[in-house]
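**Q** Got a predicted model here, sequence first, then my questions.
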Amino acid sequence: MLIPVAFGVTLIVFFMIHLIPGDPARTILGIHATPQRIAILHREWGLNRPLISQYLLFLDRILHGNLGPSLYYGVPATTIILQRLPATLWLIVYATVIAVLISVPLAMIAASRKDGVRDHVVRVVPLFGLGMPPFWLGILLIYAFSITLKLFPVSGYGSGFFGHLHAMFLPALTVAIALSPVVIRSLRASMLNVLGAEYITTARSKGVPGHRLFLRHVLRNAVIPAVTVLGINIGFLIGGTVIIENVFAIPGIGQLMLNSIFERDFPVVQGVTLVFAVMVVLLNLGADIAYATLDPRVRFER
Amino acid sequence: MSALSFPEHPETVLLPVEHAAPRARRRWYRQPALMTGLVVMGIIVFLAVAAPLITSYNPNAQNLSQTLQGPSAQHLLGTDQLGRDVWTRLLYGLRLDLSIACLAVLFPFTLGVILGCVAGYFGGWTDTVIMRVVDVVFAFPFYVLIIALVFVLGPGIRSIVVAITLLGWVSYARIIRGEILVAKRQDYVTAARSGGLTSPRIMGRHVLPNVISQAIIYSMSDIVQDMLAIVTLSYFGLGVPPPTADLGSMISDGQNFISTHWQLTTFPGLAVVAVGLGLSLIGDGLADLIRPGQT
């Protein structure tokens, strides 16, 4: 399952270069194109060889961790990407934690009294979030909390653990707010599903108090679908970090990707695309493993 | 991102659950979510379509003697840094972005429904190949691949539509395939087949009308996603080229003046939020209408 997907991913990233109209080397170099430079790129990518041999060359390169030379920075693209990766990983983890902290209590509030006032509020508010452009929310948060209230830095990454925690709060919050509508809705639905189960009726009838029932029986069983929902939306979460990194000027690979697009630094764009896809595949695998650990039934089925 | 609101529990969503809901609950005009959504979208579409009638300004006409003015009777939302009327640009921007989004949904919808039908109905190696491709496309974060594609295809509206088509079909294919796998086992398909009908006819006339509703519901949130993508790419200067009025470039222009003229950034974003709200409500309402008791 994982291996064909990984091959497919490399195939798509490989073919990106052939979507470029005209001679890719000439188009990418643009005004900097000289015969020597074009020749270097042609050799690097093996553009004069047959397609299959080009692909094998590409596979061989990336398996050795070589994503090609960065045309703008003049060092291997892999070096730059590895340098920028920690900030992105920080943002992803931070945003996930905040998203869970927002979504779980709200979903519990909604599910605890279906069709009550609180339930309706929790169901309607996320609808406003579904169409909210994350970059726009980021700008407004910067204006409110960084410029007006001066609580957080306008941009950047901070230094040290607590520095990161402080400087990246607004960006992580923005990504989390963009992510939470979907998570809240699915979580609420799965909690309602659990509440309808027979073991809840059993627990109720033997007099388990409400809060304990929720924490011990409902939340535990609703966590599994929540992991799935987060797993499905990993692509969305990572896509959100690309945009937010650029709004908050966080030196991660999302910012690197957009800068490289403006510098027409194709190897870096290609490398970042590959790294992001690998990240999604690995995180999905992680979600599957977490799923199997949390729910013994899954293990027995497979 | 295209995986948004994807049914995380296929088994609970796909099985047709018939609740003993009163018949009246299923009438479309009794659905509060659907009605609110239709009213919101009705207003938005009216404003977008009738933009030339509502405002007499040209969205691109500059008036350098009246830059960055506050809201007034002449300029409902004031003017921007080039003296252009913000309300006019908002209406025209909404018109452009919404129409690109609706257009951009048509192609992936069609492609995804066809490939989903083929995969689900014929099964075997066709199914394996199509679903493997779906898995691969799902492995890329939507924004990453769309930015990369727009980069290699060259910035602009055409590239955005092509990129959305190449990426967007996978969700429809997955939804339709899942629905068809369930529908295939239903008695009416067996009856049609034993009646000697051809596969294309069974698919087109009998199965498709029964399974397409889920794809239509999903397309509502998909339009929102596509509109967000267009606005985001335009914000970064990879979408609608200036000076054409577009919500994304309006936000990016206004960002420079946010401390003094917050309305320049805020209103274009609110317009996108309103579209998202309207279409999500319609999607929810439709889902409730077709499968009551699920939400």
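**A** Nice, thanks for sending it over. Just so it is clear, the model here is predicted, and its values are computed rather than measured.
**Q** and stretch B:134-146, does that touch chain A?
**A** Yes: using Cβ under 8 Å from any Cβ of the partner chain, stretch B:134-146 reaches chain A at B:135-145. Quick note: C-beta positions are derived from backbone N, CA and C, even for glycine.
**Q** Can you flag which of those belong to helices?
**A** Under the assignment DSSP state H, these contribute B:135-138, B:142-145 to helices.
**Q** tell me which of those residues is nearest to residue B:213?
**A** residue B:138 (22.6 Å; Cβ to Cβ).
**Q** where does the closest residue to the closest one other than its chain neighbours land in three-state SS?
**A** Closest residue in space to residue B:138, ignoring its immediate chain neighbours: residue B:170 at 6.0 Å, by Cβ to Cβ, 6 or more residues apart in numbering or on different chains. Three-state call for residue B:170 (DSSP: H, G, I helix; E, B strand; the rest coil): helix.
**Q** Return the residues in contact with residue B:170.
**A** Going by Cβ atoms under 8 Å, 6 or more residues apart in numbering or on different chains, residue B:170 touches B:2, B:112, B:133-134, B:137-138.
**Q** Quick one: low-confidence residue ranges for the chain.
**A** Because you didn't say which chain, this covers chain A. Applying pLDDT under 70 to chain A flags residues A:1, A:297-302.
**Q** wait, chain B
**A** By pLDDT under 70, the low-scoring segments of chain B are B:1-28, B:291-295.
**Q** where does the stretch 51-200 of chain A come near chain B, residue by residue?
**A** A:127-128, A:130-137, A:139-140, A:143, A:147, A:182, A:185-186, A:189-190, A:193.
**Q** among the residues you listed, which ones are buried?
**A** A:127, A:130-137, A:139-140, A:143, A:182, A:185-186, A:189-190, A:193 (16 or more other Cβ atoms under 10 Å in any protein chain shown).
**Q** okay, which residue is most central for the chain?
**A** Here I'm looking at chain A. For chain A, the residue sitting closest to the mean C-alpha position, by Cα atoms, centre = their mean, is residue A:238 at 1.6 Å.
**Q** Please refer instead to chain B.
**A** For chain B, the residue nearest the mean C-alpha position is residue B:223 (0.5 Å; Cα atoms, centre = their mean).
**Q** Check the contact between it and residue B:100; I expect there is one.
**A** No: with contact defined as Cβ atoms under 8 Å, residue B:223 does not count as touching residue B:100 (10.3 Å).
**Q** for the chain, which helix is longest?
**A** Picking chain A for this. The longest helix of chain A (DSSP H) is helix A:77-112.
**Q** my bad, the chain I had in mind was chain B
**A** As far as residue count goes, and with DSSP H defining each element, the longest helix of chain B is helix B:86-122.
**Q** Show me what that helix is packed up against.
**A** If contacts are counted by 3 or more Cβ pairs under 8 Å, 6 or more residues apart in numbering or on different chains; DSSP states H and E, helix B:86-122 sits against helix B:32-49, helix B:51-54, helix B:124-138, helix B:157-183, helix B:208-235, helix B:247-255, helix B:263-290.
**Q** Out of those, which gets nearest to residue A:280?
**A** helix B:124-138 (8.0 Å).
**Q** Count the neighbours of residue B:130 for me.
**A** 20 (other Cβ atoms under 10 Å in any protein chain shown).
**Q** list the contacts for it?
**A** Contacts for residue B:130 (Cβ under 8 Å, 6+ apart) come out as B:115-116, B:118-119, B:173, B:177.
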